[in-house]
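Participant: missing the sequence, but the structure's below:
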Ligand SMILES: Nc1ncnc2c1ncn2[C@@H]1O[C@H](COP(=O)(O)OP(=O)(O)OP(=O)(O)O)[C@@H](O)[C@H]1O
Ligand SMILES: [Mg+2]
């Protein structure tokens, strides 16, 4: 068997195959610090909340951290920012480790193949993803997985563009980052990320409307529609404006990056994935702006992933299964050589 | 950072001495092959001196010819006129040949041969200048002509030999610059090269990175901790992509791990090989059809007999 793992700024998602299905296991990449007391522990235990206790401090992990933050009137913390674990957040690293271990579960057998997605280096921020990549790899290896890492954008291509021979643009618009990969016949030609995503929208709208970020995020996720005819005073207008700005920004950077390479002369389809690509009207806006931008490459069509939130994890699973198949074959030839 | 990029640059230079970076001034680099292997060699300065001498020779020759035309020199002209004409053209001709020789790459003895032949020719011209009109009689005349011709032929022969040697060694250079090896760089390209080299070195050392203290110590887990892994959703999915992906990446073998290993060349190679196989396949079937037809024809004629 094989597994895929998408470690994102907001969600950590594991994908694996079970009979005819693919099962996705998801946890919020967040934690909440509470003071330890017997009462709290009893309460958390009875509510079946995921928590750990260390040195008299309780840390609620995952989805529950989010829920309990409002109850306890505290703010939940996020171990990752802009797609990577920041080595600065010393007490956040154990948290992400625990969440990953939980979501991933024990390997079915020793050296089960696992494919993890990783962001590419952002072009608009001074940030290197290499250390993050190595840390996540080490984490999974420690659990006796055979780990491989692929770019998040490439995972989208694997998951969504098989009908096009894995040629095209895979774009994942997540929370902390937007990842872009251009691939030709399953081989990445260009990969980069942009330091803006859902979090950026939350921040900007929060600044303009004065609403707290969490509130803005909740409104956004409840299903708003991207358009410019909005009710007077509703935050939907601000959300639309910043979504529009985000799309413009992504395409500007894509255009700039494409100018640096000489891509193959073929038509490229585009696949959009990631939690932030979900709003109603996003696909349309993106396609319109993409066509207006007159890119270096020809775009055939623009499509949205079947399950935008799980697309990256699914792509990782596909890569892992392929890798597994390859390894099995290699093993065979080695045996026959002997 | 600056030290890394410096070392990366020097490594690059070390590996490829022809890529000399010169800021954003687009510089033409003369390739100085004095240390290259092979029998032919030439220094850069010699090349320029050679071309100067060549130009001077042309000028002298032209001046001599022009002088002859202006003065309408003929057999009975004034001796100083004839003297001047021969000195001009003689020196000019020798200089032209010497210049050409110097612009070429030379064998080990090349420069001695050039020097010797120039000396011989000039010596002949000197004797001529000293003795013309007064002492210009039978044996001396032939000696002088022989001496000058010897120098002249030596230069021609040397040049000819070099051209032949160059042709045998098959190097695209006779006289002048070698097109392919003149490289120009601008800042952006250099920066990209350095970045690339730095990134590779970081990547390399990162692959040896090992993390200690991965364990979180002194932790008590809540009751629910071992029970649930997270929210699960189950989607019916046959994952056919895994099969097609395997097909798609077959030529190269393994999945490329993203931005790091964009191995275009191997991909193109795989592609080309696949195309070749198809072409060959078609030719093979065509061949089979033709030979089949011929065979049946042969059988038919045999039957008729
Ligand atoms: N229905 C929705 N409409 C709009 N945005 C949504 C919706 N659901 C989730 N989001 C946003 O999607 C983002 C999370 O998406 P995703 O899980 O793909 O990101 P991630 O992988 O955790 O982050 P990253 O890839 O940047 O590290 C969040 O910003 C969230 O607010
Ligand atoms: Mg993501």
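Facilitator: Looks like it arrived, so ask away. This structure is a prediction, so every number in the text was calculated from the model and none was measured. Ligands and ions are numbered 1, 2, ... in the order given.

Participant: hmm, who's touching stretch A:66-81?
Facilitator: With CB atoms under 8 Å, 6 or more residues apart in numbering or on different chains as the test, stretch A:66-81 has contacts from A:7-10, A:28-34, A:49, A:60, A:65, A:85-86, A:89, A:92-93, A:95-96, A:99, A:176, A:214. For glycine as for every other residue, the C-beta is placed from the backbone atoms N, C-alpha and C.

Participant: What about chain B: which of these touch it?
Facilitator: residue A:49 (CB under 8 Å from any CB of the partner chain).

Participant: Now, of the contacts of stretch A:66-81, which are buried?
Facilitator: Taking 16 or more other CB atoms under 10 Å in any protein chain shown as the criterion, what is buried in the contacts of stretch A:66-81 is A:7-10, A:28-34, A:49, A:60, A:65, A:85, A:92-93, A:95-96, A:99, A:176.

Participant: Can you narrow these down to the ones near ligand 2?
Facilitator: Restricting those to those near ligand 2 by CB under 5 Å from the ion leaves residue A:8.

Participant: Inside helices: which ones of the contacts of stretch A:66-81?
Facilitator: A:65, A:93, A:95, A:96, A:99, A:214 (DSSP state H).

Participant: With pLDDT as added columns, please give these in TSV.
Facilitator: Compiled in TSV, the ones in helices among the contacts of stretch A:66-81 are given as follows (pLDDT from 0 to 100):
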residue	pLDDT
A:65	90
A:93	83
A:95	88
A:96	89
A:99	91
A:214	87
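
Participant: For whichever residue of the stretch 101-250 of chain A sits closest to ligand 2, grab the count of nearby residues.
Facilitator: When scored by CB to the ion, the stretch 101-250 of chain A has residue A:174 as its residue closest to ligand 2, at 3.4 Å. Using other CB atoms under 10 Å in any protein chain shown, residue A:174 is surrounded by 28 other residues.

Participant: what's it in contact with, if anything?
Facilitator: Shown in contact with residue A:174 (CB under 8 Å, 6+ apart): A:8, A:9, A:10, A:83, A:152, A:197, A:198, A:274, A:275, A:276.

Participant: and if we set it to 7 Å?
Facilitator: Residue A:174 makes contact with A:8, A:9, A:83, A:197, A:198, A:274, A:275, A:276, according to CB atoms under 7 Å, 6 or more residues apart in numbering or on different chains.

Participant: Just the pLDDT for the fifth one.
Facilitator: Right, the one you point to is residue A:198. For residue A:198, the model assigns a pLDDT of 96.

Participant: swap in the second one?
Facilitator: With respect to pLDDT, residue A:9 has a value of 94.

Participant: so how far is residue A:282 from the nearest residue to it once chain neighbours are set aside?
Facilitator: What sits nearest to residue A:9 in space, not counting adjacent residues and going by CB to CB, 6 or more residues apart in numbering or on different chains, is residue A:176, at 3.3 Å. The gap separating residue A:176 from residue A:282 is 18 Å, by CB to CB, to the nearest Å.

Participant: same question, residue B:228
Facilitator: Taken as CB to CB, the span from residue B:228 to residue A:282 is 32 Å.

Participant: Which one of those two is surrounded by more residues?
Facilitator: Comparing residue B:228 with residue A:282 by other CB under 10 Å, the one with more neighbours is residue A:282, at 20 against 15.

Participant: re the thing from before, please tabulate the contacts of residue A:174 in CSV and include secondary structure as additional columns.
Facilitator: Shown next, in CSV, are those (DSSP: H, G, I helix; E, B strand; the rest coil):
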residue, secondary structure
A:8, coil
A:9, coil
A:83, coil
A:197, coil
A:198, helix
A:274, coil
A:275, helix
A:276, helix
